[in-house]
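**Student:** here's my sequence, what's the structure:
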Amino acid sequence: MRSVTDRRRRLAAIGIAVVCVLAVIVGAYAVYRAATSTQEEPRTDTEQIEDRVRAYGDVMTHFDAQAFGDLVCAGLGPVVGAPDGAPEPSQIAAGRDARTVIDAVKITGDTAAVDARIDLGATSVPIPMTLRRESDGWCISELGSDS
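**Tutor:** Next up is the predicted model:
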């Protein structure tokens, strides 16, 4: 009977040891993952500005006035309209792919001058603009400015 009791104790001790080893392995893995987790690098000002300009191009080619309001600085006010020479909505609906092309971004402090254009088939519409950095990111502060 004593050998059965000793055997059970040894098995219990081995079981406890295995659980402890597994706990250490799992804990070490969790610490390793936390220490080596790759956080996404913050986007550069140029990348943020280019994203904003492309969003503007999308808004203009889809004539989305509400989304336009989200892109402009609050002080710009309710300005809604396509730039001079912009294609008619029927041209866009005809299935042509509009593309926003950013030619230059020049950042000076909290403002950025952007030379860009919307290409739609053979039509190219310049969309120069000025952006301003605000607390929640970059916004369009002036449209049609000579950058």
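
**Student:** which helix runs longest in this structure?
**Tutor:** The helix that spans the most residues within the chain, counting by DSSP state H, is helix 2-36.

**Student:** just after that helix, pick out the following helix or strand.
**Tutor:** Counting by DSSP states H and E, the next helix or strand C-terminal to helix 2-36 is helix 45-62.

**Student:** gap between the following helix or strand past that following helix and the chain center?
**Tutor:** Next along the chain after helix 45-62, taking DSSP H and E as the criterion, comes helix 65-71. Distance of helix 65-71 from its chain centroid, counting by CA atoms, centre = their mean, to the nearest Å, is 17 Å.

**Student:** please parse the chain into its domains.
**Tutor:** 1-39, 45-143 (automatic domain parsing).

**Student:** can you say which of those is packed in most?
**Tutor:** Most buried of the domains of the chain, by mean neighbour count (mean count of other CB atoms under 10 Å): domain 45-143, with a mean of 15. In this view, the C-beta of every residue, glycine as well, is placed from N, C-alpha and C.

**Student:** what number of residues lie near residue 43?
**Tutor:** By other CB atoms under 10 Å, 12 other residues sit near residue 43.

**Student:** any idea how far residue 71 is from the closest residue to it other than its chain neighbours?
**Tutor:** Of all residues not flanking residue 43 in the chain, residue 51 sits nearest, at 7.5 Å (CB to CB, 6 or more residues apart in numbering). Going from residue 51 to residue 71 by CB to CB, to the nearest Å gives 10 Å.

**Student:** residue 135 now?
**Tutor:** Distance from residue 135 to residue 71, by CB to CB: 16 Å.

**Student:** got a markdown table for the domains of the chain, with mean pLDDT too?
**Tutor:** Output for the domains of the chain, formatted as a markdown table (pLDDT from 0 to 100):
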| stretch | mean pLDDT |
| --- | --- |
| domain 1-39 | 74 |
| domain 45-143 | 80 |
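
**Student:** and stretch 60-71, how far from the chain's centre?
**Tutor:** Worked out by CA atoms, centre = their mean, stretch 60-71 lies 18 Å from the chain centre.
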